[in-house]
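Student: A structural model of the following input is requested.
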Amino acid sequence: MANLFSKIPDGTLSKSSLRNIREWYACDDPQKIIQEVIFELANAGEFNELNNRFFKTLTFGTGGIRGRTVGDYITMAENGKSPNASPEFPAIGSTCLNHFNIIRATMSLHKYCKKVMDSQGHKLLLVVA
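Tutor: Purely as a prediction, here's the structure:
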């Protein structure tokens, strides 16, 4: 990880972006796509793209959870083996609507519903489709 951050000049990323990048880069990602994408963006000098993808964390509100699914700069890892013009994987980042943020939102919904149902003495049965 130190090698990654040596590629990022001081002052090019916001504090919140750096914090989110560190958190995402360190997560347990069996496919390593997160690390590949972040490293590729840093290596390419795409610091604006890193800021755009990591300056905040998506929130769930009255309109649901919304974010872009394709980056302005599509990395090789996101493009995958897609023969089409569109990438195989959604954009990696805390501001992007991707597998990781959908999982986070689903886990949060489950936690909230379980808390409410437990407080009313009911057993939780939740289906997300």
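Student: in terms of contact, does residue 81 touch residue 88 like I think?
Tutor: Yes - with contacts counted by Cβ atoms under 8 Å, residue 81 reaches residue 88, the gap being 6.1 Å. Quick note: C-beta positions are derived from backbone N, CA and C, even for glycine.
Student: out of those two, which sits in the more crowded spot?
Tutor: residue 88 (12 against 5; other Cβ atoms under 10 Å).
Student: longest single helix anywhere in this structure?
Tutor: helix 99-119 (DSSP state H).
Student: Give the buried residues for it.
Tutor: 100, 101, 104, 105 (16 or more other Cβ atoms under 10 Å).
Student: same question, stretch 5-21
Tutor: For stretch 5-21, by 16+ other Cβ under 10 Å, it's 8, 13, 17, 18, 20, 21.
Student: now, which of the residues you listed sits nearest residue 110?
Tutor: Closest to residue 110 out of the buried residues of stretch 5-21 is residue 20 (23.1 Å), distances taken as Cβ to Cβ.
Student: hang on, residue 96 packs against residue 72?
Tutor: No - counting by Cβ under 8 Å, residue 96 does not reach residue 72; the two are 11.1 Å apart.
Student: higher neighbour count, the two?
Tutor: Applying other Cβ under 10 Å to residue 96 and residue 72 shows that residue 96 carries more neighbours, namely 20 against 11.
Student: Name the residues linked to the more buried one by a beta bridge.
Tutor: residue 68 (DSSP bridges).
Student: How about residue 106, nearest residue that isn't a chain neighbour?
Tutor: Nearest residue to residue 106 in three dimensions, chain neighbours excluded: residue 128, at 5.5 Å (Cβ to Cβ, 6 or more residues apart in numbering).
Student: Neighbours of residue 53, how many?
Tutor: With other Cβ under 10 Å as criterion, residue 53 counts 28.
Student: Hmm, I typed the wrong one, I wanted residue 44.
Tutor: 13.
Student: where's the nearest residue in space to it that is not next to it in sequence relative to residue 12, distance?
Tutor: Distances taken as Cβ to Cβ, 6+ apart place residue 73 nearest to residue 44, at 7.1 Å, with adjacent residues excluded. In this view, residue 73 and residue 12 are 15 Å apart by Cβ to Cβ, to the nearest Å.
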